[in-house]
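In: return atomic coordinates for the entry below.
(chains A, B and C)
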Amino acid sequence: MNDNLTLAQLAQQLGADLRLAEGASAELLPSGLNTLQDATPTEVSFLASANYRRFLAETRACAVLVTEDMADACPVSALVVANPYYAFARATAIYDRTPTPAAGVHPAASVHPEAEVDPTASVAAGAVVEAYAQIGAGAVVGPNSVVGEGSVIGARTRLHGNVTVYHGCAIGSDCIIHSHAVIGADGFGFAPSGGQWTKIHQLGGVEIGDEVEIGACTCIDRGALGNTVIGRGVKIDNQVQIAHNVQIGDYSAIAACSAVAGSATIGKHCTIAGGAGVVGHVTVADKTHVTAMTLVTKSIAKAGSYSSGTPFSDSRSWRRSAVRFAQLDEMAKRLRDLEKQLANASSGEGD
Amino acid sequence: MNDNLTLAQLAQQLGADLRLAEGASAELLPSGLNTLQDATPTEVSFLASANYRRFLAETRACAVLVTEDMADACPVSALVVANPYYAFARATAIYDRTPTPAAGVHPAASVHPEAEVDPTASVAAGAVVEAYAQIGAGAVVGPNSVVGEGSVIGARTRLHGNVTVYHGCAIGSDCIIHSHAVIGADGFGFAPSGGQWTKIHQLGGVEIGDEVEIGACTCIDRGALGNTVIGRGVKIDNQVQIAHNVQIGDYSAIAACSAVAGSATIGKHCTIAGGAGVVGHVTVADKTHVTAMTLVTKSIAKAGSYSSGTPFSDSRSWRRSAVRFAQLDEMAKRLRDLEKQLANASSGEGD
Amino acid sequence: MNDNLTLAQLAQQLGADLRLAEGASAELLPSGLNTLQDATPTEVSFLASANYRRFLAETRACAVLVTEDMADACPVSALVVANPYYAFARATAIYDRTPTPAAGVHPAASVHPEAEVDPTASVAAGAVVEAYAQIGAGAVVGPNSVVGEGSVIGARTRLHGNVTVYHGCAIGSDCIIHSHAVIGADGFGFAPSGGQWTKIHQLGGVEIGDEVEIGACTCIDRGALGNTVIGRGVKIDNQVQIAHNVQIGDYSAIAACSAVAGSATIGKHCTIAGGAGVVGHVTVADKTHVTAMTLVTKSIAKAGSYSSGTPFSDSRSWRRSAVRFAQLDEMAKRLRDLEKQLANASSGEGD
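Out: Take a look at the predicted model:
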């Protein structure tokens, strides 16, 4: 947003204590951010984990965000903060070059006369805003995105290009929705009858809190009855599937390619790693962590880390284990038999 | 569609026997549908499973769809039907408020002069219909959707916003295709040669039967030679991948995030749960059920339920099992050894 | 592209030795390609695997691509080549009917005045090309696709309909990007602080080599710092997720629904089957093969085939094994106990 700051101004914005290296100038204009290894002499870096400490001594960065205890070890100017990773995150906002579109409706956009677009909002070329939709102050509807009838896009929320929001959905303020995300498509509901499927029209909507980020190609289905609800500050990665009537608690984060099935409730501050699945109608406790490609088949009552699957190995070794997996029940019975035989034998010995 | 029905008219439309509670009026205009727990006094509910029976006594719904045997237990007016879930599904069509676009081509749509659009069809703003494409009677091409050269969209089929249909595909009548679905992209075919890949251009198309529903971000690839075929009444959820030359039998249903690899044949009336995979070139029998996140690696000759994977647990317990998984073959051999030793010992005892 | 060739001309283009069957004419105009089983008398077929040899005798094809040793067994004209599958792949380019759009910018496209579009490129209806973007010679931007600010589309690269390329991405020449692919959306990066997430703006871009194919609904995220890099000749199927700062080596192929997490490095000539996952920050050796739905949780130092998971079976048998999986550590300990007891017993015997 503002990448024309001096090192001193940057320190001030981040609340960092600037300790200049010998001969360094607080008036230097850093050009951006980079890792300790790759930073050039005009870039600022950060040390957020002990794993990277070994790169500190050799860094060419002009300054490094560090904690107090690492300040002396820093061979260049130090920007001392309590939480370098958080300070780095804040710094990325300063050096971000994502273009911000100008306010106004592009002549190649199609906005229904009954839609309400705030004059400070931006509606890009090819975007379609349907009747009764509301686009909030400072919101952005990207190129070729579609906002359905009666849906509400909160203030400063940005839909990137080619996002689709169906009718009757409400997205909070300060959200980021990435390209090809789909908000409010029908949940997957059918009543079987006579070997065929009768559609259960999905009468609910989607309700997304403030400060939510939703990844590319992620789908959040509308509710069957009542809404699918995404809490405040939730972060969802790409290609995630959130089924109808799911509830995701505030500040939970879900990594790419995961899926949460219908009517499941995920607590607050949960972290779900990539490719995981949660079956329908279960409840997952606050602060639960689910590891990659795990399938959660029951409710989780207690915070903690949960996993399923098998370790990977070379296919030949794996195949030997896999064959045995199918024999496990038989093996367990044979083990029990041996134990009995041995118990009998030794009780016999005791005679 | 028509939500201005009295309770008596609703009963008639659903073929239900209306048994009014004391003091209730058949002239009441229900406002919608809801669960037993959440229904307000103007909403109709349903009891479709014994699991929900406990909510019946306390419901505030104006009427409940029930089977004959539950009619007496119903504290409010009963709508007696043979199959309450099916009746509920039919009722959702009555109360659905999904906007229906007006017939005609929007001025901001791009329809090629050689395309054929039925005058009763609707082509929305930003939609692109290419040469020789045919859009059937009452069909809807949603905003920013693309219909490729020569493709056919059947009568009353609806493409929601941002759907892409490549050239040379045929979609039946009464289908629903959700946003960001892709019909007819190239199958993944390459011939290796000299460490590089030579593209196998995909010369076939896609053929989709009547009454098919396809979820958001689902991809159905065109055939390499010959067509990929989706049977009548098939229901496919979001983010499903159907590879080239797959055949899906009539009335099968595939839940979100599943994938069917090239040239696999899925029978009729199959149900595949979420995140499952089916490898290429296999055949799956009619009426097969596959559980969530299962990988089907061989043909299935007999209807039934099929699974793979491990149960989930807390990560610490899981890790203990996972470590042992890699030792399974060795454990099996040690078990066999023990059995031999014990057999030798007892035959020795018998000496 | 040119399907008006005689059999003799086709042979010449493919470098095949045409051996005419008795009575056959080299002047015949083949109508297309098909399998041995399904070919009509005007179609050319191929025998690429011993598995299909049994179909050769009965084929009705006008000619078959075969190796020298199968030429005599061919009942129709033979097109003798060293590698029939590769020759078939080259032949598919000849009979491909994918429409090629005309050069020029469609009047319903929105091209920013500061964008640079080569006069031989094609920009379709509804496409949006933003400021400073460059569209190379012969490149195609499909209907409703979006090319972000400053992004570069190489010569002859084709974006099908509804593709989104964010700002600051570079795509090489001769690439094919399928519908609803997303290039350059933000990587999933947040710094936790006080129970909330602070966005790490993604300052890098995406760099895609020449001759890359990217499937429908596949997402390739931009780098956090530095670029995400896809090597030359890489082939990626549908619904694949490539996270920020991943590096994919030249000529690797990744099948549908796989995901590679942040900062992972995949070598050259790797093949990753469908639904597989690779966790973040690992390195995978050149020429590694990963089987379907495997989760790679550690670096792979040596080429080979790698797997995880369990075999599938009927759900009842599977459940028996699955229950035992959770008991594996206990079983292993009981096995060890038995071994000790037996060792003690036999050493006792030896007394």
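In: leaving out sequence neighbours, find the closest residue to A:T288.
Out: With C-beta to C-beta, 6 or more residues apart in numbering or on different chains as the criterion, A:T288 has its nearest non-adjacent residue at 4.8 Å, and that residue is A:C270. (Glycine included, C-beta is placed from N, CA and C.)
In: with A:R156 instead?
Out: Once flanking residues are discounted, A:R156 sits nearest to A:G138: 4.4 Å by C-beta to C-beta, 6+ apart.
In: and for that neighbour, the neighbour number?
Out: Look at A:G138: counted by other C-beta atoms under 10 Å in any protein chain shown, it has 18 neighbours.
In: what does A:G274 give?
Out: A:G274 has 28 neighbours, counted by other C-beta under 10 Å.
In: any idea how far chain B is from the residue nearest to A:R156?
Out: Using C-beta to the nearest C-beta, to the nearest Å, A:G138 is found at 24 Å from chain B.
In: helix, strand or coil for that residue?
Out: Per DSSP: H, G, I helix; E, B strand; the rest coil, the local secondary structure of A:G138 is coil.
In: in contact with it, which residues?
Out: A:A103, A:D118, A:T120, A:A121, A:A155, A:R156 (C-beta atoms under 8 Å, 6 or more residues apart in numbering or on different chains).
In: and if we set it to 7 Å?
Out: A:T120, A:A121, A:A155, A:R156 (C-beta atoms under 7 Å, 6 or more residues apart in numbering or on different chains).
In: type out the ChimeraX command that picks the buried ones from these.
Out: Only the buried entries of those go into this ChimeraX selection, using 16 or more other C-beta atoms under 10 Å in any protein chain shown:
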select /A:121,155,156
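In: for the residue nearest to A:T288, the count of nearby residues, please.
Out: 23.
In: over to A:E116?
Out: So A:E116, with other C-beta under 10 Å, has 14 neighbours.
In: distance of it relative to chain B?
Out: Taken as C-beta to the nearest C-beta, the span from A:E116 to chain B is 17 Å.
In: specify the beta-bridge partners of that residue.
Out: Beta-bridge partners for A:E116, by DSSP bridges, are A:Q134.
In: pLDDT value on it, please?
Out: At A:E116, the model reports a pLDDT of 98.
In: then A:N51?
Out: 89.
In: still on that earlier bit, check contacts around the residue nearest to A:T288.
Out: So A:C270 contacts A:G249, A:S252, A:V284, A:D286, A:K287, A:T288 (C-beta under 7 Å, 6+ apart).
In: could you pull out the helices for the stretch 201-350 of chain A?
Out: A:315-325, A:328-349 (DSSP state H, counting those that start in this stretch).
In: any idea which of those helices is most buried?
Out: Most buried of these, by mean neighbour count (mean count of other C-beta atoms under 10 Å in any protein chain shown): helix A:315-325, with a mean of 18.
In: give me the residues contacting that helix.
Out: So helix A:315-325 is contacted by B:325-326, B:328-329, B:332, C:291, C:305-308, C:310-311, C:321 (C-beta under 7 Å, 6+ apart).
In: now those in TSV, with pLDDT and distance to A:A73?
Out: Formatted as TSV, these follow (pLDDT from 0 to 100; distance: C-beta to C-beta, whole Å):
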residue	pLDDT	distance to A:A73
B:F325	96	43
B:A326	94	41
B:L328	96	48
B:D329	95	49
B:A332	95	53
C:T291	98	45
C:S305	98	45
C:Y306	98	40
C:S307	98	44
C:S308	97	41
C:T310	96	48
C:P311	95	52
C:S321	96	53
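In: how about those, which pair is most distant?
Out: C:S305 and C:S321 (23.3 Å; C-beta to C-beta).
In: one step back: of all the contacts of A:G138, which comes closest to chain C?
Out: Nearest to chain C among the contacts of A:G138, counting by C-beta to the nearest C-beta, is A:R156 at 13.1 Å.
In: for A:N144, see how far away that closest one is.
Out: Distance, A:R156 to A:N144, using C-beta to C-beta, to the nearest Å: 21 Å.
In: then A:V80?
Out: Distance, A:V80 to A:N144, using C-beta to C-beta: 46 Å.
In: tell me which of these two has more neighbours.
Out: A:N144 (32 against 20).
In: show me what contacts the more buried one?
Out: A:N144 neighbours (C-beta under 7 Å, 6+ apart): A:G126, A:A127, A:G161, A:N162, B:G126, B:N144, C:G126, C:V128, C:N144, C:V146.
In: OK, contacts around the second one?
Out: Okay, so that is A:A127. Counted by C-beta under 7 Å, 6+ apart, A:A127 has contacts A:A109, A:V141, A:G142, A:P143, A:N144, A:S145.
In: what does the host helix or strand of A:T198 contact?
Out: Here A:T198, judged by DSSP states H and E, is contained in strand A:196-199. Under the criterion C-beta under 7 Å, 6+ apart, residues A:F190, A:A191, B:Y86, B:A89, B:R90, B:E213, B:G233, B:K235, B:Y251, B:A253 lie in contact with strand A:196-199.
In: for PyMOL, what selects the buried ones among these?
Out: Restricted to buried positions by 16+ other C-beta under 10 Å, the PyMOL selection for the contacts of strand A:196-199 reads:
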select buried, (chain A and resi 190+191) or (chain B and resi 86+89+90+213+233+235+251+253)
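In: quick one: which of the contacts of strand A:196-199 sit in strands?
Out: Among these, the ones falling in strands (DSSP state E) are A:F190, A:A191, B:E213, B:K235, B:A253.
In: tell me how far the last one lies from B:G274.
Out: This points to B:A253. 11 Å.
In: swap in the fourth one?
Out: In this view, B:K235 and B:G274 are 13 Å apart by C-beta to C-beta.
In: and if you look at the first one?
Out: Between A:F190 and B:G274 the distance, using C-beta to C-beta, works out to 15 Å.
In: what of the second one?
Out: Shown here: A:A191 relative to B:G274, a distance of 19 Å by C-beta to C-beta.
In: any stretches of chain A with poor pLDDT?
Out: Chain A contains residues with pLDDT under 70 at A:1-3, A:348-351.
In: which segments of it make up each domain?
Out: A:7-95, A:104-306, A:315-349 (automatic domain parsing).
In: which one of the ones you listed is the most hemmed in?
Out: domain A:104-306 (a mean of 23).
In: residues of the stretch 251-351 of chain A that sit close to chain C?
Out: Residues of the stretch 251-351 of chain A lying close to chain C by C-beta under 7 Å from any C-beta of the partner chain are A:251, A:253, A:255-257, A:269, A:274-275, A:292-293, A:309-315, A:318, A:322, A:325-326, A:328-329, A:332, A:335, A:338-339, A:342.
In: could you find the closest non-adjacent residue to A:H244?
Out: Closest residue to A:H244 apart from its sequence neighbours, by C-beta to C-beta, 6+ apart: A:G187 at 2.5 Å.
In: give me every residue that touches that neighbour.
Out: Neighbour list for A:G187: A:Q202, A:D221, A:R222, A:G223, A:A224, A:A243, A:H244, A:G262 [criterion: C-beta under 7 Å, 6+ apart].
In: in what helix or strand does it lie?
Out: Assigned by DSSP H and E, A:G187 falls within no helix or strand.
In: contact partners for the nearest residue to A:L29 once chain neighbours are set aside?
Out: Nearest residue to A:L29, sequence neighbours excluded (C-beta to C-beta, 6+ apart): A:T6, at 5.9 Å. Residues near A:T6 by C-beta under 7 Å, 6+ apart: A:A26, A:E27, A:L28, A:L29.
In: can you pull the contacts of the first one?
Out: Applying C-beta under 7 Å, 6+ apart to A:A26 gives the contacts A:T6, A:L7, A:A8, A:L18, A:L20.
In: near chain C, which residues of the stretch 101-250 of chain A?
Out: A:108, A:125-126, A:143-144, A:161-162, A:178-180, A:213, A:215-217, A:233, A:235, A:237-239.
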